[in-house]
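Trainee: would you be able to build a 3D model of this:
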Amino acid sequence: LSRFLIRLAKRTTLSLIIVVLVLLPLGVNGFVDKRSSITSATVSCSLSASSLDSDSSAVSPLQTIVVTGATGKVGSRLIQKLLTNDDGSTRVVALVRNGEKARSMFATDETKSMEDDTSSGNYSSDNTTNKSTNLRRLEIIEADFENTDGLRSTFHDIITSSSSVGLFLSCGNVPNQETIELNVARAASEAAKAVDTESTSDIHALFCVKLSTAQPVMEQGIGAGIVHTKIEKALRTIWKKEQICILRPAFFVQMLDPDVGGKLMGVDLRDESSVTHPWADCAMAMVDCDDVASCAQTILRESLGSQKDVTKRHGGQIYELTGSKPVSLSSDLAQLVTKLRGESPFTIHSCSIEEHCAAIGMPASSHERMSPFFNTLSAYNTATDTIEQITNQPPRSFEESILANTIAFLPSTFQRLVGKKSSSFREAAKVTSLNMQEEWKMVGEDEVLIRVQVAGVNGGADTFSVTKADDNVPEFALGSEGIGIVVKRGAKVDTFTVGQQVLFLGGGYTEYVRVAARRCLPTAESLAKSPPAELTALRISGLTAIVALTRTCPVQKGDVVLVSACCGGTGHFATQIAKNNGATVIGTVGSTAKLLPAQQLNACDRIVDLSREDLNGVLKEEFPQGVNVAYEGVGGKVLQAVCQNLAPGGRVLLVGSISQYPHNENLDPVGTLKGLKDGQDIMDVFRSGKTIEMDESGRMLIGNVWGDIFTNPEEMVDYRNRLFDSYAKGEIQVLLDDASFRGVDSVCDAVDHMLSRKSVGKVHVTISD
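Mentor: Just a heads-up that it's a prediction; the model follows:
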């Protein structure tokens, strides 16, 4: 009944109205045609997609592309491209054997995005390509591919309501592949002939793109080549030569994913740093499934309907599809995995096919059957330009293909330092192991997943993150900053690419971290060879100094500027910035051991060794005019001396108060400071960001050294650029602490080291290379 009404709808507008009135009460979605054993998941789509011609009562026919193998590596990508790049004139039908699997893969409701099916390698993990895909227009038809009558009936309905029909023929490497692919091809051909007999309109245009296997496999007649040769030969008797185009792709890059290629062809480095493979040292021009899908899309569109390009003659063509150049696993893949993982160099060694089969538990006789196939593919190093000729776009590089599916080569688990409310950082911190697959799925559309190279240590921030934590939060990620390599980006992230190095804020004490893209900063190409630890130091510690001393309290030529802890994580930046602005710079150090590093910065006019000198006395005797700006992070007696020697209008920029932090057994008292109320703690001023007027002369304590710059993102970018430019030009140097801390397990030691006040320069933890 439904097929009769749909055919009737082609004739008149009134008939279309009747069809809608009849079908709506029946519930068109999910309608089951029991006679042909075919379920149409979206019959209503074919009605709504048709449009009425304003000058005629006839319904305008659609161009239809039917995709078999729709849940496979190439078919799924083809559907994605057809729907993404469609102007509404193409009807896309997925003809599948398992409707439930297809509906799950191609999620069609608005609240569920099209997710990567990493277990079958069907989608690129670079899911930015899914942004505009209108999957709700996809028709999914479940069919018994061995029921020729049912297939013929289905194609009859499709062709009846279409001006032209394209078929992508790829039913997968199954035992009965020859039977079911030829059943589909015959059903389409016979249905077209039947419709042409019934119709008074022009003969319907039909075109088939057949996905075969690699050229040398076909030529040698081995393995899958035997089946595809039979199918190709039979197709030429079913369809006219000009109606068929053959694609013969090289080995798919996606097959290197152990979840796709399995133990036989995949390379499983997820939990190993060294593996063997028969193709390790072979040069192979592998091809990306995405490029094959692009070729199929282009050929079908150029060969059908209104988009037909008479200058492009694809009919009768056999296209050999390869990557742009041969690559090897032992060199190219191993280097990329090392880049993704950042651990000791990964290695892929060569082995015989016999050794490989034995290692993965295959029967002893297996290698004899597999050898011809493996040897043929391993010798296939031909690189063609066919993909670019067809699509006008170069094929993906091997690196782009691997970086599009990085989950295949990341570790199964990773470590992260988490904490809860406690009286100290060490007491709060706990190393936990997390599942990479779960973390991968949790990456939000505006987030990136980063492999952390270096985490910056900020003793004060680290301490207060646990001592001031919410009692109701059971566990949270620790760390304030870091630098690393993007290994995945969310659907709406277009500012970063996978494989790019970025600086980030938040949760640095982990091997892999999810971060909002807006909290990341790409490293400039000019700084690509700079040590990651130095770039990390600039991100917070350096930026704090430049904003404080050139914006919040702009240092002028001739000013006297005091920087406490002048070779500390942020202090060493402050001394250089003040000096570059023409100030007379006084620096303090807590021990004689720090004198030499401070002197080597060449930024201090006077260095005061607090272990041997009295700061208050030095300031009164040598700088009687007073201090104009103080960049102060020690607190206690140092802060007291600074405040007693401020010039009129002098300002103290509070960047911490390490002598007052909870880890101190005996707190260094601040004493009485003008402007502070009885019992008021200097740490309250710092944490709250208050500004305290100390007297009528304009002397001030400034708890927020950033001022209001966070309300002006463009201005923040300008200061950040100025800082990194100064570093690139050599105007500012980074001082790193010599102590070596490596791995998440060492973070507590690094924090303790910084809080001990023995550190010189920026303390950091190397998480990975």
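Trainee: most residues in a single helix of the protein, which one?
Mentor: Criterion DSSP state H: the longest helix present in the chain is helix 177-198.
Trainee: show me what counts as buried in the very next helix or strand once past that helix.
Mentor: Scanning forward in sequence from helix 177-198 by DSSP states H and E, the next helix or strand is strand 205-211. Buried residues in strand 205-211, counted by 16 or more other Cβ atoms under 10 Å: 205-211. Where C-beta positions appear, they are placed from N, C-alpha and C, glycine not excepted.
Trainee: make CSV from those residues and add pLDDT to it.
Mentor: Below are the buried residues of strand 205-211 laid out as CSV (pLDDT from 0 to 100):
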residue, pLDDT
Ala205, 74
Leu206, 87
Phe207, 93
Cys208, 95
Val209, 97
Lys210, 97
Leu211, 97
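Trainee: how about a markdown table for those, with distance to Ser530 added?
Mentor: As requested, these are arranged in a markdown table below (distance: Cβ to Cβ, whole Å):
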| residue | distance to Ser530 |
| --- | --- |
| Ala205 | 59 |
| Leu206 | 59 |
| Phe207 | 54 |
| Cys208 | 55 |
| Val209 | 49 |
| Lys210 | 52 |
| Leu211 | 47 |
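Trainee: closest to Asn375 among those?
Mentor: Leu211 (23.3 Å; Cβ to Cβ).
Trainee: apart from its neighbours in sequence, what residue is nearest the closest one?
Mentor: Spatial nearest neighbour of Leu211, chain neighbours left out: Ser170 (3.8 Å); criterion: Cβ to Cβ, 6 or more residues apart in numbering.
Trainee: where in this protein is pLDDT low?
Mentor: By pLDDT under 70, the low-scoring segments of the chain are 1-61, 86, 108-136, 199-204, 305-311, 660-680.
Trainee: ok, the spatially most central residue of it - contacts?
Mentor: Nearest to the mean C-alpha position of the chain, by Cα atoms, centre = their mean, lies Lys488 at 1.8 Å. Counting by Cβ atoms under 8 Å, 6 or more residues apart in numbering, Lys488 touches 125, 406-407, 440, 443, 448-449, 498.
Trainee: against His228, how distant is the residue nearest to Leu211?
Mentor: Look at Ser170 and His228: by Cβ to Cβ, to the nearest Å, they are 10 Å apart.
Trainee: what's near enough to touch Ile79?
Mentor: 67, 70, 92, 94, 106, 138.
Trainee: again with Ala603
Mentor: Neighbour list for Ala603: 566, 572, 575-576, 578-579, 585, 587 [criterion: Cβ under 8 Å, 6+ apart].
Trainee: that one should be in a helix, yeah?
Mentor: No. Ala603 is assigned coil when assessed by DSSP: H, G, I helix; E, B strand; the rest coil, not a helix.
Trainee: phi, psi of it?
Mentor: When quoted as degrees, to the nearest 10, the phi and psi of Ala603 stand at phi -120, psi -10.
Trainee: and the residue nearest to the centre of the chain, helix, strand or coil?
Mentor: Three-state assignment for Lys488 (three-state DSSP): strand.
Trainee: any idea whether the residue lying farthest from the centre of the chain is helix, strand or coil?
Mentor: Computed with Cα atoms, centre = their mean, the maximum C-alpha offset from the centroid of the chain is found at Glu621, amounting to 58.8 Å. The local conformation at Glu621, judged by three-state DSSP, is helix.
Trainee: swap in the one 10 residues further on?
Mentor: For Tyr631, the secondary-structure state derived from three-state DSSP is strand.
Trainee: Leu167 now?
Mentor: strand.
Trainee: what residues does the closest residue to Lys430 other than its chain neighbours make contact with?
Mentor: The shortest distance from Lys430 to any non-neighbouring residue, by Cβ to Cβ, 6+ apart, is to Val418 (5.7 Å). Taking Cβ under 8 Å, 6+ apart as the criterion, Val418 is in contact with 429-430, 432, 475-478.
Trainee: now Val418: which helix or strand?
Mentor: Assigned by DSSP H and E, Val418 falls in strand 413-419.
Trainee: turn the contacts of Ile79 into CSV, columns for secondary structure and distance to Lys492.
Mentor: Formatted as CSV, the contacts of Ile79 follow (DSSP: H, G, I helix; E, B strand; the rest coil; distance: Cβ to Cβ, whole Å):
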residue, secondary structure, distance to Lys492
Val67, strand, 27
Ala70, coil, 26
Val92, strand, 24
Ala94, strand, 26
Phe106, coil, 20
Leu138, coil, 22
